[in-house]
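A.B. asks: Sequence and predicted structure are below.
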Amino acid sequence: MPPYTLDDLELSPGKRTRLYRMLYEHGPGHGTGMFLPIDQGLEHGPRDFWDNPDSADPEFQLRLAEEGNFSAIVFQVGLAEKYYARYAGRVPLVLKLNGKTEIPSDEEALSPLNASVEDAVRLGADAVGYTLYIGSPVQDRDFAQFAQVRQDANRLGMPVIVWSYPRGKFVQAKGGQLTSWAIEYAARVAQELGADVVKVNLPEYDPENARLTPKPYNSAVFDEDEAVRRVITAAGRTPVLVSGGSRVDEEDVLAKARLGIRSGATGIIFGRNVWQRPYPEALALTRKIQAVIREEALAPVPARV
Amino acid sequence: MPPYTLDDLELSPGKRTRLYRMLYEHGPGHGTGMFLPIDQGLEHGPRDFWDNPDSADPEFQLRLAEEGNFSAIVFQVGLAEKYYARYAGRVPLVLKLNGKTEIPSDEEALSPLNASVEDAVRLGADAVGYTLYIGSPVQDRDFAQFAQVRQDANRLGMPVIVWSYPRGKFVQAKGGQLTSWAIEYAARVAQELGADVVKVNLPEYDPENARLTPKPYNSAVFDEDEAVRRVITAAGRTPVLVSGGSRVDEEDVLAKARLGIRSGATGIIFGRNVWQRPYPEALALTRKIQAVIREEALAPVPARV
Amino acid sequence: MPPYTLDDLELSPGKRTRLYRMLYEHGPGHGTGMFLPIDQGLEHGPRDFWDNPDSADPEFQLRLAEEGNFSAIVFQVGLAEKYYARYAGRVPLVLKLNGKTEIPSDEEALSPLNASVEDAVRLGADAVGYTLYIGSPVQDRDFAQFAQVRQDANRLGMPVIVWSYPRGKFVQAKGGQLTSWAIEYAARVAQELGADVVKVNLPEYDPENARLTPKPYNSAVFDEDEAVRRVITAAGRTPVLVSGGSRVDEEDVLAKARLGIRSGATGIIFGRNVWQRPYPEALALTRKIQAVIREEALAPVPARV
Amino acid sequence: MPPYTLDDLELSPGKRTRLYRMLYEHGPGHGTGMFLPIDQGLEHGPRDFWDNPDSADPEFQLRLAEEGNFSAIVFQVGLAEKYYARYAGRVPLVLKLNGKTEIPSDEEALSPLNASVEDAVRLGADAVGYTLYIGSPVQDRDFAQFAQVRQDANRLGMPVIVWSYPRGKFVQAKGGQLTSWAIEYAARVAQELGADVVKVNLPEYDPENARLTPKPYNSAVFDEDEAVRRVITAAGRTPVLVSGGSRVDEEDVLAKARLGIRSGATGIIFGRNVWQRPYPEALALTRKIQAVIREEALAPVPARV
Amino acid sequence: MPPYTLDDLELSPGKRTRLYRMLYEHGPGHGTGMFLPIDQGLEHGPRDFWDNPDSADPEFQLRLAEEGNFSAIVFQVGLAEKYYARYAGRVPLVLKLNGKTEIPSDEEALSPLNASVEDAVRLGADAVGYTLYIGSPVQDRDFAQFAQVRQDANRLGMPVIVWSYPRGKFVQAKGGQLTSWAIEYAARVAQELGADVVKVNLPEYDPENARLTPKPYNSAVFDEDEAVRRVITAAGRTPVLVSGGSRVDEEDVLAKARLGIRSGATGIIFGRNVWQRPYPEALALTRKIQAVIREEALAPVPARV
């Protein structure tokens, strides 16, 4: 059960209206979210469409988002301008404002702005997305770029969803992107810098990596539930979306959704795990994920840590 | 049956998204609209709340808009800022950008801007409203003011609903605000100047007034249906909302809604006729109006003139 | 007892912080306000200082505001720049942004901007004041000017107190500034246009004037309590300050304060009634007014109409 | 046959008007394009004019463009200002906004802006061109620069043709600029970032280079037709122009044009292959290319993958 | 005893008003300050919350700031927007404008802007905080960034508190961050560049480090009192706040506060030393610190050097 309702958060009317549409009017509802990202064509290139060639056509994801009742679809500006009009209003839109190719080295990762908050307003979007690379050697440029997005979003009542990812050579040297230390830190940074919603990966424990993290994380071991709850707690009053990552078995997809919502996440944002499957299979899985989210969202509320 | 669907109109994705919410997701649906205006406290002052004192509290109209499933509520900026947050997302918002008191003479009517399109975006509104006084001696200032609103709305993907009202001493000298001539002219002007939707009064035939209109209107007599169809036709590809005006009998309210939608209007915008009644009566009437709109909207399509 | 606490209102953190200082930290507290205006030197000229020549020196009012523990002092920008520094922080400041002399005719009243919201921020003010002339023939210019102030104030988290005054030749023709019709209308307009707080005169019943107001006001008679409660109700979620007007007997001053707070006003704003008396008398009266406000504010809450 | 007509694309009236001129009124017509670029003097320097010294005079290309009925000529701003006036309207203009010399290393390629979209409007251009270096280590600066061009072009209704080229040291390390992986990725990026039209090179299979590309591209072999169709598919709803590259035999030029259009490209953009030949030969080849495009454009439509 | 009162400093009314609130109305008063910073979640990450997990919730610090009567709480913009509204006015706010994670190397330290002075005004803050890394290889970018903040703050009457920290590889080579040379230099730089208040660490003498500092510091030894007085003197008319640093014993915390105020500091700013303890212990320590500050502030004034 998500720990916060919109009533609990300090949201301007515009942000509240737009979040309400995604978390109550569309998707699984009851204050939860199920988002369909399709920016991998930019981030990873066409190799991601190889297993399901139909998925290279954004119509595939739009149909799935409408028929599967997603809370929103996530597009870069070019896809939004070319494909969204025919689905305008039927499927809420999250406009991803920055993005990059995977071709250059990630050592000094920075994701440049490809669109503005005003573009998002113009296109009828209900949120903007921004990738923040926590710990990158060029985080100074990233933070400054994000500050401008936050201010524009604040002025226009547009919710900001931060893809908060530890990244870069210093993160690598301290155990990589998936340690509890790095992900909790990323969740806290998003909250400190003013994200309205934060998207995180779930930690994966690996003793070799954990040993490289700062004290006292380097000697701590958390079980899976505790590790996820700690991330949600680190995000504070910033609702959390759980990333899907690369494709895994259907059972694992559903287990991740259940684990996330049960631990207090507000929603999930699964892309490849959904649309790398043929349409009927993708739709069926979507419905199962939605059922899991609803089931967990309506379960008796555990005490919040 | 409204003559146009959103697919028939040249709408940017943002305008389309926002109109879709009001014409398909909320209200009677099927591309029709039922709007609840509550800007009369500014336009007419508290005398309008006299018959139903509860209506002076904007919560009255908000509850009614939510429970009665209106397509949107219409507020000036002050009411939106003070009352909308708790209904954010539940009831779409039309922010009325200009407005005035009725205290000064209407001979040189001009309705000044009290808010901006950016205010509307910030508050999560799905449209802005603008009162254009066709034929006023100061129409030059009015048109220039409207041009700026239209440009801002275009840039931000925000639909503009124009309250298109013949007004001022020259209109009075030519038969007043309710002749077919004046109202058809007002509908055409809204279309020419770039309204996305136009709100009009229905013509009322009065031989004395008609005689004062320009040729050949001064010798024409239209039956009620024809008079309304002519207004819809004059608005061209600008969907039409029918105004309610001051309170009349319930049967007359329903007849006006039926006449409007049957003649090709996209929706109705009735304020005093609804909220000047006690809550249970207002809600019951709302439901009847909604039933009439749906019935007419789903009726077999007549050939369009 | 004021009907609303800050928790009940939709206030941004900046507006809330600044109102808190005036309504809880300074003045009578408990969510009430007692304001000391000294802009009469501009509005009425030096004739107002005739009875108490000391009052021409703004130090008189500043000392009184500090020693008498007012919620804030109200200055035009020139007085603020010349006199406020030595009291900075000790006495909250309301910067009056517009103002005019009484020399020209009031038939087409308009109060021009003499300072900006940014001036108020720069000077450390906790609110800005704006005089809005309801019903003036040039209300179009007034409303447009106010809209800019409201937007700046919104952007900077600065509360706006509106001096909402019916004024001009059309108001005169409809019974003048002090009818229930005119004052209720003024309170409603301030709420519709986005005032955070509204300052009004209390209605004074005069059968000749009342007869000139629009229906149904022209045949209504309210007792004093009802007349005041109606104004508070017309202001909705906009806290009300009761104006003092020209000097009256001490008992009448205290009675007006009691009547206002008991009827749901948030505070009083008395100028000439206080500082047109010699210092010791002014200070003694201040303390009596404060005692009355506290007494009423802490009285058992009556049911709200 | 190009897979999309202008009716199939979400184009604003301005972009549509301008594309219509190039794809229907000038050039081979029927929705196809044949563009003549002459920016090689900047990109490669005067060595490109060595074989046909007449080609160093932009009049050469302008005459050829008019007499050979090209869809448009492509100029940097200096050539447009100095040579275009006498052909204004006779030959549509594409203003290339960025460009660089080949003198510095291409390892960190970035093509700076030399002109603005407003320059293009001022000069009467029907499109702007922008070179985007996919995968360059400084792609962050490139993407940010392009975002500004896209926004200006959107505001002014100006089509943007993106020269989408994989480039830089990381591309070299992954098989170079001509692998299917790199070119499909480049086509997708142009679509994601908001190109209206994309110009690409056709892939050239080389087993050594292919082996260096990411999985699963590193083990895939496509025949020529399939390789081209995959690029067109990767571009989605972004019409594709096929680049010519350095000069080859006439038969190869014609085969490339036929292969492109047959595979779904909207047009070709051949420079050196045309104007590095003497005028009569260049004109004759132009007419043959045009015949090939028309023939393919009017051929029975193959089913689209 | 702090050497300067607000009357001694050349402060604009806005800065003076805001400083007065923190140094006289809230906190220990008498012109002294006791600030509670909670930006360590950004600067150090969640490891700082490990010993007292409750401290990860900003409500912990807000309750402590209110109940313990701190002069102000220090937040990054995200925490201010999410947590401050319910404490608005009860606890003054210092908005920290820049900040970074500790993940990248500190060799070229630069703290990017995450918020603006206008954000601070909007949120009702009484000061802004800025971290200036004295001596960093990129101090040119830092100084330029600070100049903009200072100008904005000057225009809006907002006090600027500078966290003035020697940092970066050249500082390391010259004895590190805690030598008298480095800290006196940092205090002087803050004064030269226009800080209103400066926050410094106290010097720690270490002969190895001292030897690496420039002449004549490399051969100087100061006793503790003298070292602190020299820093205060170096700051000139810029009131000094003493940093707490990482957690030490309660006796050491109190001794540092006493040493600072006795030596002429205006206040202390202790974070981890307070909130890394359980709530009752943190509150008890807060009260002891406050007692020490008051005791020293009211002690007979020593002659100023």
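C.D. replies: Okay, I see it.
A.B. asks: Residue numbers of the stretch 101-250 of chain A in contact with chain C?
C.D. replies: By C-beta under 8 Å from any C-beta of the partner chain, the residues of the stretch 101-250 of chain A that approach chain C are A:Arg155. Glycine gets a C-beta too; all of them are placed from N, C-alpha and C.
A.B. asks: ranges for the strands of the stretch 101-250 of chain A?
C.D. replies: A:127-134, A:160-166, A:197-200, A:240-243 (DSSP state E, counting those that start in this stretch).
A.B. asks: beta partners of the residue nearest the centre of chain A?
C.D. replies: By C-alpha atoms, centre = their mean, chain A has its centre lying nearest to A:Lys199, at 3.4 Å. On DSSP bridges, the residues paired with A:Lys199 through beta bridges are A:Trp163, A:Leu241.
A.B. asks: Chain C versus the residue lying closest to A:Ser263 once chain neighbours are set aside, what's the distance?
C.D. replies: Once flanking residues are discounted, A:Ser263 sits nearest to A:Val228: 4.1 Å by C-beta to C-beta, 6 or more residues apart in numbering or on different chains. Distance check for A:Val228 against chain C: by C-beta to the nearest C-beta, to the nearest Å, it reads 31 Å.
A.B. asks: same deal with A:Leu93?
C.D. replies: Counting by C-beta to the nearest C-beta, the gap from A:Leu93 to chain C is 27 Å.
A.B. asks: which non-adjacent residue is nearest that residue?
C.D. replies: Nearest in space to A:Leu93, with sequence neighbours left out and distances taken as C-beta to C-beta, 6+ apart, is A:Ala125 at 4.3 Å.
A.B. asks: Now for the one you found: which residues touch it?
C.D. replies: For A:Ala125, the contact set (C-beta atoms under 8 Å, 6 or more residues apart in numbering or on different chains) comprises A:80, A:92-95, A:158.
A.B. asks: Let's have these in TSV, adding neighbour count and pLDDT.
C.D. replies: Written out in TSV, the entries for those read as follows (neighbours: other C-beta atoms under 10 Å in any protein chain shown; pLDDT from 0 to 100):
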residue	neighbour count	pLDDT
A:Ala80	29	98
A:Pro92	26	98
A:Leu93	27	98
A:Val94	27	98
A:Leu95	28	98
A:Met158	27	98
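A.B. asks: which of the residues you listed lies closest to chain C?
C.D. replies: Minimum separation from chain C among those (C-beta to the nearest C-beta) is found for A:Met158, which lies at 15.7 Å.
A.B. asks: and the closest one, backbone torsions?
C.D. replies: A:Met158 has phi and psi values of phi -110, psi 120 when expressed as degrees, to the nearest 10.
A.B. asks: any chance of the contacts of A:Ala125 in CSV, plus secondary structure?
C.D. replies: Supplementary listing: the contacts of A:Ala125 in CSV, determined by DSSP: H, G, I helix; E, B strand; the rest coil:
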residue, secondary structure
A:Ala80, helix
A:Pro92, coil
A:Leu93, strand
A:Val94, strand
A:Leu95, strand
A:Met158, coil
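A.B. asks: What distance do you get for the residue nearest to A:Ser263 to A:Val240?
C.D. replies: The span separating A:Val228 from A:Val240 equals 9 Å under the rule C-beta to C-beta, to the nearest Å.
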